[in-house]
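*Asks:* Give me the fold of what follows.
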Amino acid sequence: MSFRAPPSIVQKVLRFKSIQIKDGKFLLWNTPGNVFPLFSTVYLNRIMEKNLGIKEAMTFFYEQGRYQAKNVYKIITQNFGYAKTITDKKKLLQFNTGQGELAGWGKWEWKVIDFKNNLFILSGYSTYAEEYRKIFGIQKHQVDHFGRGSCAGFIEEVIGIKVFCVETSCMATGKKKCEFMIKPVEEWNDKDSNYKAQRTKDIVSGIKDISKSL
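*Replies:* Alright, predicted model coming up:
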């Protein structure tokens, strides 16, 4: 079955009843979830940075986002089919940013979707970075590690190549927008300051694929 997504996030919700509250459970695409204040996750990040170090906290959130996105991709394809053509793959990426908007992660737009060179750039307003700056002030380091991990994990599933995502601009550091750049791991240069500062180790490989059990 080819990938077929409804044209808008509102239509997705209405047509497919993608959000339900049933027996005390909040369900998104029939997957149990939670609704809680954004500041709670921001504080968790800060606590981990303080007690484990920025690099360890970064790795945890990046890999958590990557793992979640890989499973979300599989859930989406189970519901809507596989994206085989370049056009369908572009729609799938736009579909996923719409889901992020629905979940409250901010408004995002793909600036570059280049399947020939496997280069992707996503720009937008991160509610997470905004909340982080609001609570803790201007930062010296980028903070959207869950978000960039999510981008990496989803694109890895779409193109079948191991990629890495770097946040090149972050609202928490005083920038007007956040921006993610995603490309194959081997395309990154160790001399790139952003890549060097944000590089993480893979801690999710081998962990059970949970999409089939949902």
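
*Asks:* going forward, measure contacts and count neighbours with C-alpha atoms only.
*Replies:* OK.

*Asks:* ok, the residue positioned nearest the centre of the chain - contacts?
*Replies:* Residue closest to the average C-alpha location in the chain (C-alpha atoms, centre = their mean): residue 150, at 2.6 Å. If a contact means C-alpha atoms under 8 Å, 6 or more residues apart in numbering, then residue 150 has 62, 64-70 as its contacts.

*Asks:* which residue lies farthest from the center of this structure?
*Replies:* residue 23 (28.4 Å).

*Asks:* helix/strand/coil for residue 165?
*Replies:* strand (DSSP: H, G, I helix; E, B strand; the rest coil).

*Asks:* Identify the residue nearest residue 201 in space, chain neighbours excluded?
*Replies:* residue 59 (6.7 Å; C-alpha to C-alpha, 6 or more residues apart in numbering).

*Asks:* Local confidence estimate at the one you found?
*Replies:* At residue 59, the model reports a pLDDT of 95.

*Asks:* shaky segments in this structure?
*Replies:* 1-18, 29, 208-214 (pLDDT under 70).

*Asks:* mind listing the strands for it?
*Replies:* In chain order, the chain shows strands spanning 19-22, 25-28, 31-33, 106-114, 119-126, 163-169, 178-184, with DSSP state E as the criterion.

*Asks:* any chance of the ones you listed in TSV, plus mean neighbour count?
*Replies:* Output for these, formatted as TSV (neighbours: other C-alpha atoms under 10 Å):
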stretch	mean neighbour count
strand 19-22	13
strand 25-28	16
strand 31-33	14
strand 106-114	16
strand 119-126	19
strand 163-169	23
strand 178-184	22
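
*Asks:* can I get these in a markdown table with distance to residue 137?
*Replies:* Formatted as a markdown table, the strands of the chain follow (distance: least, C-alpha to C-alpha, whole Å):
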| stretch | distance to residue 137 |
| --- | --- |
| strand 19-22 | 34 |
| strand 25-28 | 33 |
| strand 31-33 | 30 |
| strand 106-114 | 19 |
| strand 119-126 | 15 |
| strand 163-169 | 16 |
| strand 178-184 | 16 |
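
*Asks:* Can you check which of those strands gets nearest to residue 49?
*Replies:* strand 163-169 (17.6 Å; C-alpha to C-alpha).

*Asks:* Quick one: list the elements packing against that closest one.
*Replies:* helix 145-159, strand 178-184, helix 193-198 (3 or more C-alpha pairs under 8 Å, 6 or more residues apart in numbering; DSSP states H and E).

*Asks:* and the second one, what does it pack onto?
*Replies:* Same thing as strand 178-184. By 3+ C-alpha pairs under 8 Å, 6+ apart, strand 178-184 packs against strand 119-126, helix 145-159, strand 163-169.

*Asks:* now the longest helix along the chain and strand 163-169, what's the angle there?
*Replies:* Using DSSP state H, we find that the single longest helix of the chain is helix 54-80. Taking axes from the mean of the first three to the mean of the last three C-alpha atoms, to 10 degrees, helix 54-80 and strand 163-169 form an angle of 120 degrees between their directions.
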